[in-house]
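[1] just to be clear, the model below is a prediction. Sequence and coordinates:
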Number of protein chains: 2
Amino acid sequence: MTIPATPATPSAVIDRVGLVLDTFDETGRLTLAQIVRRTGLPRSSAHRILERLVELRWLRREGREYALGLRLMELGSLAVHQDGLCAAARPHLHELHRVTGLVVHLAVLDGTDVVYLDKLGGRLDSAVPTRVGGRRPAPHAALGKALLAYAGAQGAEFERIRETGVAYERGQAVPGLGCIAVPVGPVGSAPAAVSVCGPLQHMPFDHRLSGRVRMAATATWRGYDRQRFAAASRRPRLHSA
Amino acid sequence: MTIPATPATPSAVIDRVGLVLDTFDETGRLTLAQIVRRTGLPRSSAHRILERLVELRWLRREGREYALGLRLMELGSLAVHQDGLCAAARPHLHELHRVTGLVVHLAVLDGTDVVYLDKLGGRLDSAVPTRVGGRRPAPHAALGKALLAYAGAQGAEFERIRETGVAYERGQAVPGLGCIAVPVGPVGSAPAAVSVCGPLQHMPFDHRLSGRVRMAATATWRGYDRQRFAAASRRPRLHSA
């Protein structure tokens, strides 16, 4: 692939910035040479972009290496905290964590992955290998199976999840870990799901525990719906904004 | 200010993207018209940038409004998790949280602000109004005072912090909240600080508690230093990367 030294359009520049930041998905620290190799960008162009991103603090430079910077931490944190779903879910996630002592997640579907928007870990935090902003193939997580089912996925397991409203994981995705997930919202339009996870020996797969997860999901949906309704009724009807 | 419709250089495009994302610092959802008003960018240029950022999932669009998107959540989370300091600190922050039950922070200085890199809240989480990626003027936080002192700030309070290695807050910044902070690293080159915070009535301002914070800071510094040393000795000496 040949990439011109000077991109023709603003979109092309934005794509290059995206390409540069994508190289940090796997590795925390990269030299200019490594970034040039991974992106295929001309060295001078990559260098110019990197230096500008350092000035904006999207990246930081340590010696000859670059790493993701403070401004991205801030924007990422803002993205989570400004999200209406996260805001609606937070008190119910806290309550679910408090009463169960298990690791609690809120996640959304992004293509065929689940992305974690919130995690309350407590003492089990490090036992469950997830993090806010992290992703995982949807079929490998109870949360993902719940969301795929509510998005209309075909198959016996998805059918059962749609009927019961609950998805389970019993050590298939991560050995020794169990998970119970419930979608937030109705079949066909659930924007997120809530789960509890923990070591299998601490996970009673009973109605009481799944009932608690369901309560958190229902309360989150109610709060989110109310909030959206309020926002819609505040919004001007005509194109006056 | 007049901004040309088509920016001349990649740097100018990157600056415009930065400008657009900055508008979300205060508000979670903005229309095109609001973004045009706040950035001063030409409408067509702002629209082109916004649409591209939506395609890259840095932003998402809901109806006529834009909000920060999933990709920024991911990058922000990666920035935190790839940070060597955060990684070195995490086990010691968990231990400090476990033995004290208080809210534990790791923060760095950015200009005259502190930026929080990690927070372990537990049951007191919502009692302490901070978040990962959030910032606060350094003089308004024990963490900030600790970092300013170790960066060489002048004045009796900073002098005392340099002597004792500990900074206190007793409800001045947030009424009813106390904080004890200790820098990570020596005077003149402390990259971060650790703190415990909680309601004043739960905060014994004694040697035992400050000793615990000091232990976490010392252990973090030792781990971080060892990690940097290992990275430096892995790195090739010549310009071969």
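    Perfect, thanks for sending it. Nothing here was measured: the structure is a model prediction, and the numbers come from that model.
[2] could you pull up the residues touching the residue in chain A that chain B sits nearest to?
    Residue nearest to chain B within chain A: residue A:76 (1.2 Å; C-beta to the nearest C-beta). Any C-beta I mention is one placed from the backbone N, CA and C, and that applies to glycine too. By C-beta atoms under 8 Å, 6 or more residues apart in numbering or on different chains, residue A:76 lies in contact with A:133, B:72-77, B:79-80, B:133.
[3] so which of these sit within strands?
    Among those, DSSP state E puts none in strands.
[4] Throw the residues you listed into CSV and include distance to residue A:225 and pLDDT, thanks.
    Listed next are the contacts of residue A:76 as CSV, based on distance: C-beta to C-beta, whole Å; pLDDT from 0 to 100:
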residue, distance to residue A:225, pLDDT
A:133, 25, 85
B:72, 25, 93
B:73, 22, 90
B:74, 27, 90
B:75, 30, 93
B:76, 27, 91
B:77, 27, 87
B:79, 33, 90
B:80, 31, 86
B:133, 28, 85
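[5] which stretches of chain A aren't confidently modelled?
    Residues of chain A meeting the criterion pLDDT under 70: A:1-8, A:232, A:234-241.
[6] the helices in it, which residues?
    Assigned by DSSP state H, the helices in chain A fall at A:10-22, A:32-39, A:43-55, A:70-82, A:84-100, A:142-150, A:156-164, A:207-234.
[7] remind me what the second one packs against, helices and strands.
    Of the remaining helices and strands, those touching helix A:32-39 by 3 or more C-beta pairs under 8 Å, 6 or more residues apart in numbering or on different chains; DSSP states H and E are helix A:10-22, helix A:43-55.
[8] again, 10 Å this time
    Applying 3 or more C-beta pairs under 10 Å, 6 or more residues apart in numbering or on different chains; DSSP states H and E, one finds that helix A:32-39 contacts helix A:10-22, strand A:30-31, helix A:43-55, strand A:65-68.
[9] rewinding a little: could I get the contacts of residue A:76 in JSON lines, plus columns for distance to residue B:113?
    Listed next are the contacts of residue A:76 as JSON lines, based on distance: C-beta to C-beta, whole Å:
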{"residue": "A:133", "distance to residue B:113": "22"}
{"residue": "B:72", "distance to residue B:113": "20"}
{"residue": "B:73", "distance to residue B:113": "22"}
{"residue": "B:74", "distance to residue B:113": "24"}
{"residue": "B:75", "distance to residue B:113": "20"}
{"residue": "B:76", "distance to residue B:113": "17"}
{"residue": "B:77", "distance to residue B:113": "21"}
{"residue": "B:79", "distance to residue B:113": "17"}
{"residue": "B:80", "distance to residue B:113": "17"}
{"residue": "B:133", "distance to residue B:113": "12"}
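[10] before we move on, the earlier item: roughly how far does the closest residue to the residue of chain A closest to chain B other than its chain neighbours sit from residue B:54?
    Excluding its sequence neighbours, the residue lying closest to residue A:76 (C-beta to C-beta, 6 or more residues apart in numbering or on different chains) is residue B:76, at 1.2 Å. Distance, residue B:76 to residue B:54, by C-beta to C-beta, to the nearest Å: 18 Å.
[11] who's in contact with residue A:147?
    A:107-110, A:114, A:138, A:141, A:153, A:161, A:167, A:181, A:183-184, A:190-193 (C-beta atoms under 10 Å, 6 or more residues apart in numbering or on different chains).
[12] which of the residues you listed fall in strands?
    Using DSSP E, those in strands are A:107-110, A:114, A:167, A:181, A:183-184, A:192-193.
[13] among those residues, which pair sits farthest apart?
    A:110 and A:167 (17.5 Å; C-beta to C-beta).
[14] more neighbours: the two, which one.
    Taking neighbours as other C-beta atoms under 10 Å in any protein chain shown, residue A:110 and residue A:167 compare with residue A:167 leading, 29 against 17.
[15] give me the domain ranges for chain A.
    Following the TED database, chain A resolves into domains at A:13-73, A:83-233.
[16] about what we covered before: nearest to residue B:18 among the contacts of residue A:76?
    Nearest member of the contacts of residue A:76 to residue B:18, counting by C-beta to C-beta, is residue B:72, at 12.5 Å.
[17] ok, that closest one - contacts?
    Counted by C-beta under 10 Å, 6+ apart, residue B:72 has contacts A:72, A:74-80, A:133, B:21, B:24, B:53, B:56-60.
[18] what do you get if the cut-off is 6 Å, keeping everything else the same?
    A:75-76, A:79, B:58 (C-beta atoms under 6 Å, 6 or more residues apart in numbering or on different chains).
[19] would you reformat those residues as CSV and include distance to residue A:39?
    CSV is the format used below for the contacts of residue B:72 (distance: C-beta to C-beta, whole Å):
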residue, distance to residue A:39
A:75, 21
A:76, 22
A:79, 24
B:58, 17
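[20] pick out the most distant pair among those.
    A:76 and B:58, at 10.5 Å, using C-beta to C-beta across those.
[21] any idea how far the residue of chain A closest to chain B is from residue B:185?
    Distance from residue A:76 to residue B:185, by C-beta to C-beta: 26 Å.
[22] likewise for residue A:140?
    Distance from residue A:140 to residue B:185, by C-beta to C-beta: 40 Å.
[23] how about the residues of chain A near chain B?
    Contact residues, chain A versus chain B (C-beta under 6 Å from any C-beta of the partner chain): A:10-11, A:13-14, A:18, A:28, A:31, A:33, A:52, A:56, A:68, A:70, A:72-80, A:82, A:110, A:115, A:131-133, A:241.
[24] how far does stretch A:185-193 stretch from one end to the other?
    Its start and end residues considered, stretch A:185-193 measures 8 Å (C-alpha to C-alpha, to the nearest Å).
[25] buried ones in it?
    For stretch A:185-193, a neighbour-count test (16 or more other C-beta atoms under 10 Å in any protein chain shown) marks A:185, A:190-193 as buried.
[26] do stretch A:173-185 as well
    Along stretch A:173-185, these residues count as buried under the neighbour rule (16+ other C-beta under 10 Å): A:173-174, A:177-185.
[27] ditto for stretch A:216-229
    Counting neighbours by 16+ other C-beta under 10 Å, the buried set in stretch A:216-229 is A:216-221, A:223-224.
[28] in TSV: the residues you listed, plus distance to residue A:47.
    Output for those, formatted as TSV (distance: C-beta to C-beta, whole Å):
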residue	distance to residue A:47
A:216	49
A:217	48
A:218	53
A:219	51
A:220	46
A:221	48
A:223	48
A:224	45
